[in-house]
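A.B. asks: Just need the structure, nothing else, for what follows:
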Amino acid sequence: MLTLIIVIILVALVFDFLNGFHDAANSIATIVCTRVLTPAQAVMWAAFFNFIAAFVFGTRVADRVGKGMIDTEAVDIYVVLAGLLGAIIWNIITWWLALPTSSSHALLSGYAGAAIAKGGMGVLILPGWIPVLLFIVLSPIIGFVLAYINVIITSYLFRNARPRKVDSLFRRLQLVSAGLYSLGHGTNDAQKTMGIIVALLVAAGPQYAAWTEGGLHLFGRQHEIALWIILSCNGAIALGTMFGGWRIVKTMGDRITRLQPIGGFCAETAGAMTLIGTAINGIPISTTHAITGAILGVGSAHNPKSVRWAWGERIVMAWVLTLPCSAFIAAIAYLLIHGFLLIITGGGEIPHPSPM
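C.D. replies: A predicted model of the protein is given here:
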């Protein structure tokens with residue numbers, strides 16, 4: 001059974017890798033499409049900040065995912081496995097369709113769908129879901145508004161500057177804003193997988209739950225989760241970012257609206273402010289929603305007609321489908337796993353972890 005637990009942890013890290021791969025566009029699309037960095041340089045830059053995010057903002061998001069959204073008494077290792085499979089399958093589908101959907105919401109809804117398949121709707125801890133559901137709407141709006149304000153402020157401050165000088169300045173500043181956004185991406189998205197691994201080990205029993213202990217204190221933030229979990233999750237998402245999801249980069253950086261360095265800076269800064277602010281407060285939001293709203297805000301501030309709203313509508317539709325589709329796929333995965341276990345045990349007791 002120890003082998004099974006290790007395999008599920010590896011599946012969680014595969015999801016984290018795919019999260020970085022799928023969401024690489026969020027971190028690099030603006031800086032690539034403004035030609036500040038080449039794609040290879042951009043993914044290395046984003047991956048670095050994805051990784052160091054492990055040590056900056058604490059683990060409040062992971063705590064909420066691991067303990068505050070699903071009744072842990074109703075969770076077993078097969079629920080966690082099915083939830084991960086649901087999220088992975090949905091990520092692959094949307095990557096193939098070049099849609100920048102939320103890996104975060106795929107994971108959370110997959111986890112919920114598998115748990116509901118096992119124990120019914122009563123397993124959901126509704127207060128824990130309120131911020132998640134609320135910020136499905138709020139995060140793109142916040143990103144939009146902040147980016148819109150950023151464009152107005154920067155346009156006013158540099159209204160008399162020569163365009164070439166402005167372009168040169170914001171090419172350098174985009175390195176900072178892209179780094180900050182990737183820092184927010186790493187601290188928000190990697191923590192969700194940390195929370196899932198914690199839920200897995202708690203479900204596996206006290207002897208495995210002890211693996212989650214041994215946090216540390218860095219940069220004024222207390223990290224309650226074991227260092228090996230923090231490093232492995234942020235390492236996996238950074239590695240995924242390095243490989244990059246090039247099918248989605250074009251959608252994010254070009255098809256919604258065309259960006260110049262000053263617009264890229266405004267969008268990335270708005271996205272970073274949204275992600276870091278919510279992470280500090282332990283609210284698991286979608287990095288995709290935040291940066292998409294910010295890009296739309298930049299385009300609208302310059303010229304609403306320059307925004308290809310049809311792509312925005314397509315993306316929003318994919319967002320709406322993510323929760324039910326990931327949950328449905330995960331529920332089916334759980335039922336298949338449960339059915340398979342019943343077959344191999346001859347209808348007897350399904351195996352669960354035993355003390356080491």
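A.B. asks: Quick one: residues contacting Tyr334.
C.D. replies: Contact analysis of Tyr334 by CB atoms under 8 Å, 6 or more residues apart in numbering lists Tyr78, Val79, Ala82, Gly83, Gly113, Ala114, Ala117, Lys118. Glycine gets a C-beta too; all of them are placed from N, C-alpha and C.
A.B. asks: Tell me if it really is in a helix.
C.D. replies: Yes. With DSSP: H, G, I helix; E, B strand; the rest coil as the criterion, Tyr334 is located in a helix.
A.B. asks: Who's the closest spatial neighbour of it, skipping the chain neighbours?
C.D. replies: Ala82 (3.6 Å; CB to CB, 6 or more residues apart in numbering).
A.B. asks: which helix in the chain runs the most residues?
C.D. replies: Scanning the chain for the helix with the most residues, using DSSP state H, yields helix 163-204.
A.B. asks: Identify each buried residue in the next helix or strand after it, please.
C.D. replies: Helices and strands here follow DSSP states H and E; after helix 163-204, the next one along the chain is helix 206-209. Buried residues in helix 206-209, counted by 16 or more other CB atoms under 10 Å: Tyr208.
A.B. asks: Mind giving me the packing neighbours of helix 206-209?
C.D. replies: Using 3 or more CB pairs under 8 Å, 6 or more residues apart in numbering; DSSP states H and E, the elements in contact with helix 206-209 are helix 163-204.
A.B. asks: Mean confidence (pLDDT) on the helix it packs on, please.
C.D. replies: Averaging pLDDT along helix 163-204 yields 88.
A.B. asks: Please apply the same query to stretch 113-129.
C.D. replies: On average, stretch 113-129 scores 92.
A.B. asks: how about the helices of the stretch 1-150 of the chain, start to end?
C.D. replies: 2-33, 39-52, 60-67, 77-96, 103-119, 126-157 (DSSP state H, counting those that start in this stretch).
A.B. asks: Let me have those in TSV, extended by mean neighbour count.
C.D. replies: Listed next are the helices of the stretch 1-150 of the chain as TSV, based on neighbours: other CB atoms under 10 Å:
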stretch	mean neighbour count
helix 2-33	24
helix 39-52	21
helix 60-67	23
helix 77-96	24
helix 103-119	27
helix 126-157	17
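A.B. asks: Give me the distance between Ile237 and Lys67.
C.D. replies: 21 Å (CB to CB, to the nearest Å).
A.B. asks: for Ile141, same thing?
C.D. replies: Ile141 is 28 Å from Lys67, by CB to CB.
A.B. asks: and if you look at Val11?
C.D. replies: As for Val11, its distance to Lys67 is 21 Å (criterion: CB to CB).
A.B. asks: So, low pLDDT: which residues of the stretch 201-350 of the chain?
C.D. replies: Residue ranges of the stretch 201-350 of the chain with pLDDT under 70: 214-224, 244-259, 305-315, 347-350.
A.B. asks: rerun at 90
C.D. replies: By pLDDT under 90, the weakly predicted segments of the stretch 201-350 of the chain are 202-228, 230-231, 234, 237-264, 267-268, 276-323, 338-350.
A.B. asks: where along the stretch 201-350 of the chain do the strands fall?
C.D. replies: Secondary structure of the stretch 201-350 of the chain (DSSP state E, counting those that start in this stretch): strands at 216-218, 221-223.
A.B. asks: hang on, Ala236 packs against Ile9?
C.D. replies: No. Judged on CB atoms under 8 Å, Ala236 makes no contact with Ile9 at a distance of 10.6 Å.
A.B. asks: one step back: need the helices of the stretch 1-150 of the chain in JSON lines (columns: distance to Gly186).
C.D. replies: Formatted as JSON lines, the helices of the stretch 1-150 of the chain follow (distance: least, CB to CB, whole Å):
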{"stretch": "helix 2-33", "distance to Gly186": "9"}
{"stretch": "helix 39-52", "distance to Gly186": "4"}
{"stretch": "helix 60-67", "distance to Gly186": "11"}
{"stretch": "helix 77-96", "distance to Gly186": "17"}
{"stretch": "helix 103-119", "distance to Gly186": "13"}
{"stretch": "helix 126-157", "distance to Gly186": "17"}
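A.B. asks: Figure out which of those is closest to Leu173.
C.D. replies: In terms of CB to CB, the element of these nearest to Leu173 is helix 126-157, at 9.5 Å.
A.B. asks: Counting by contacts, list what that closest one packs against.
C.D. replies: Looks like helix 126-157 contacts helix 103-119, helix 261-280, helix 287-302 (3+ CB pairs under 8 Å, 6+ apart).
A.B. asks: Point to the residue nearest the middle of the chain.
C.D. replies: The chain has Asp189 as the residue nearest its centroid, 3.5 Å off, counting by CA atoms, centre = their mean.
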